[in-house]
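> Structure here, sequence nowhere to be found:
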């Protein structure tokens, strides 16, 4: 829906193009194309290097100079973006087979460096971003017309976009659209109150402070500042401008921008045949449950989706770890992609990529899950790969040491965030040595060995205790047989 809205609102502008690209373009790309693209565009004068943490600026600058001195400058002219067209109330409809239906309104907005950007930013936040916003109160809490309703505003240096979106069940769709338009018009007429503006400024300030506790987010913020304005402290300047915005400025923006007929509107309608007969039954497809080779399996046929999906659940995680095994599940989840069953790590990962498959392995509090999804035509091959690794995870000692070091580094990083450090500490105080205490301690991970992990895996992988779920085109027994 979002991609369709951008195509409608920004027909001449590159923002209309999804970041992932288009299939027909990707299929024609060659290695030489990528090398030429990289050589032309990934050059030092067009890149930004940011360091956040326990670093000395002079030392870091010297280190960067030593390591990047051979990187040659380029001569590519910067792209001149066309101006975004003014929205004129264009309308379109997309069909997507989902039990819910959605509407999105979008229009071009001034860029982040424009004078009115801070007031617009606050305006959109007040109306529909926060949990207590008027849009959510009206459409979700009072009338119950929307399952979800919010506003959005984003801007870079030269342009931006703002709008509203809401989703509901098919029988409420028309009423939702009417109520959404009325809410926008009413808010433009009445405008925000002083209390609303103060609340939004406080919410924004809280989000900014929380971001500063995350080194990765802070580095990203500095990089974005340099990209948008050429200044590392653009975010600081913008924050000061947000704090200085007056109520009159926000009300003026509301009167000028909040008019439903000036937004482009796109509807995502439900194409399921059952909708007109009985919308409450739309999209319902009860799972078929059976036991195969001692494994409990639930299958759901969903032919309208482009991929097949499988998820295997094992009784694992922190609750199943002995004191000597604390952290074993977290570490095993990382090591699963190292391959096994005669398949090397490199072959396993490249084979999944060749099949267009995505693998997600997680260790939670009381379960260990392995999830795989792939296009219909490649799903069986992807399952076969995962099945071979399931039977015999093949990590060696060097891979074990590598992933163990990464887990220890992540645990250290958690301590650098006040929020996660406080959460971990409170769990320790509440639960002591009980598994509910959360993340393992670094000293517990240090005691883990490759042999302990292999024994732990064998204790988990028992068909009688596992369950699998499949969703896709034809979840036949032959697909379940990967186990």
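In hand now; what should we look at? As the structure is a computational prediction, the values presented were derived from the model and not from experiment. Residues are numbered from 1 along each chain as shown.
> Could you list the low-pLDDT ranges of the protein?
84-87, 272-294, 304, 463, 474-483 (pLDDT under 70).
> Okay, helices next: where are they in the stretch 101-250 of the chain?
In the stretch 101-250 of the chain, the helices defined using DSSP state H, counting those that start in this stretch lie at 117-128, 134-136, 173-190, 194-212, 215-229, 234-244, 247-257.
> One more: the stretch 301-450 of the chain?
Going by DSSP H, counting those that start in this stretch, the stretch 301-450 of the chain shows helices at 328-335, 345-354, 379-391, 397-415, 418-431, 442-446, 450-460.
> Next, the buried residues of the last one.
Neighbour counts over helix 450-460 (16 or more other C-beta atoms under 10 Å) mark 450, 453, 456-457, 459-460 as buried. The way it works is simple: take the backbone N, C-alpha and C, and place the C-beta from them, glycine included.
> so which of the helices of the stretch 101-250 of the chain gets nearest residue 50?
Proximity to residue 50 (C-beta to C-beta) singles out helix 215-229 among these, at 4.5 Å.
> Give me the angle between the closest one and helix 397-415.
Using axes from the mean of the first three to the mean of the last three C-alpha atoms, to 10 degrees, the direction of helix 215-229 lies 80 degrees away from that of helix 397-415.
> Numbering from 99 from now on, please.
New numbering, starting at 99: the last item is helix 313-327.
> Please identify the deepest-packed of the helices of the stretch 199-348 of the chain.
Of the helices of the stretch 199-348 of the chain, the one with the most neighbours on average (mean count of other C-beta atoms under 10 Å) is helix 215-226, at a mean of 26.
> picking up where we left off before, residue 311: which of the helices of the stretch 399-548 of the chain is closest?
Once the helices of the stretch 399-548 of the chain are compared by C-beta to C-beta, helix 516-529 is nearest, at 5.3 Å.
> Please state the offset of that closest one from the chain centre?
In terms of C-alpha atoms, centre = their mean, to the nearest Å, the centre of helix 516-529 is found 26 Å from the chain centre.
> so what secondary structure elements neighbour it?
For helix 516-529, the elements it packs on are helix 495-513, judged by 3 or more C-beta pairs under 8 Å, 6 or more residues apart in numbering; DSSP states H and E.
> in the helix it packs on, what counts as buried?
497-498, 501-502, 505-506, 509.
> Please enumerate the strands of the stretch 99-248 of the chain.
189-193, 199-207, 246-253 (DSSP state E, counting those that start in this stretch).
> hmm, who's touching the first one?
Spelled out, it's strand 189-193. By C-beta atoms under 8 Å, 6 or more residues apart in numbering, the list of residues contacting strand 189-193 from outside reads 99, 102, 106, 362-369.
> repeat that for 7 Å
99, 102, 106, 363-367, 369 (C-beta atoms under 7 Å, 6 or more residues apart in numbering).
> what's the angle from that strand to strand 199-207?
Using the same axes, to 10 degrees: strand 189-193 against strand 199-207 is 140 degrees.
> Can you point out the buried residues in strand 189-193?
residue 192.
> So what are the sheet partners of it and their directions?
Here strand 189-193 is paired, per DSSP bridges, with strand 362-367 (parallel).
> Restricted to buried residues, select the contacts of strand 189-193 in PyMOL.
Those of the contacts of strand 189-193 that count as buried under 16+ other C-beta under 10 Å are selected in PyMOL with:
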select buried, resi 99+102+106+363+364+365+366+367
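> Just give me the closest of the contacts of strand 189-193 to residue 218.
If you rank those by distance to residue 218 using C-beta to C-beta, residue 363 comes first, at 19.8 Å.
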